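Q: With the sequence up front, the predicted model follows.
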Amino acid sequence: MKDNKQKIQEILESNPQGFIVREIAKLSNLARQTVAVVLAELRGAELINERSVGQAKLITWGVK
């Protein structure tokens, strides 16, 4: 069974344009809070990029 980090990584890698947290939660069948925790870990490891789009943050996989 895939762990939450692996699920989220695969989702982010599937679309280079990125996703917002709500979309990641829906696609992964995880709670938004769980997604936020995993994204914080990935951000700390510098594996994701974030940029603001209005009030949302667009999250993409990979380093700049």
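A: Structure's in. What do you need?
Q: so who does residue 36 touch?
A: Shown in contact with residue 36 (Cβ atoms under 8 Å, 6 or more residues apart in numbering): residue 21. For glycine as for every other residue, the C-beta is placed from the backbone atoms N, C-alpha and C.
Q: ranges for the helices of this protein?
A: 4-13, 21-28, 32-44 (DSSP state H).
Q: who wins for proximity to residue 62 among the ones you listed?
A: Closest approach to residue 62 among the helices of the chain (Cβ to Cβ): helix 4-13, 8.3 Å.
Q: quick one: the closest one to helix 32-44, angle?
A: Inter-element angle recorded for helix 4-13 and helix 32-44: 80 degrees (by axes from the mean of the first three to the mean of the last three Cα atoms, to 10 degrees).
Q: mind listing what's buried in helix 4-13?
A: 7, 8, 9, 11, 12 (16 or more other Cβ atoms under 10 Å).
Q: Chain neighbours aside, what residue packs nearest to the fourth one?
A: Counting by Cβ to Cβ, 6 or more residues apart in numbering, residue 27 is the residue found nearest to residue 11 once chain neighbours are left out, at 5.1 Å.
Q: next one: the last one
A: On the basis of Cβ to Cβ, 6+ apart, the spatially nearest residue to residue 12 that is not a chain neighbour turns out to be residue 61, at 3.7 Å.
Q: Indicate which one of the helices of the chain is closest to residue 56.
A: helix 21-28 (7.8 Å).
Q: Quick one: distance of the closest one to the chain centre.
A: 8 Å (Cα atoms, centre = their mean, to the nearest Å).
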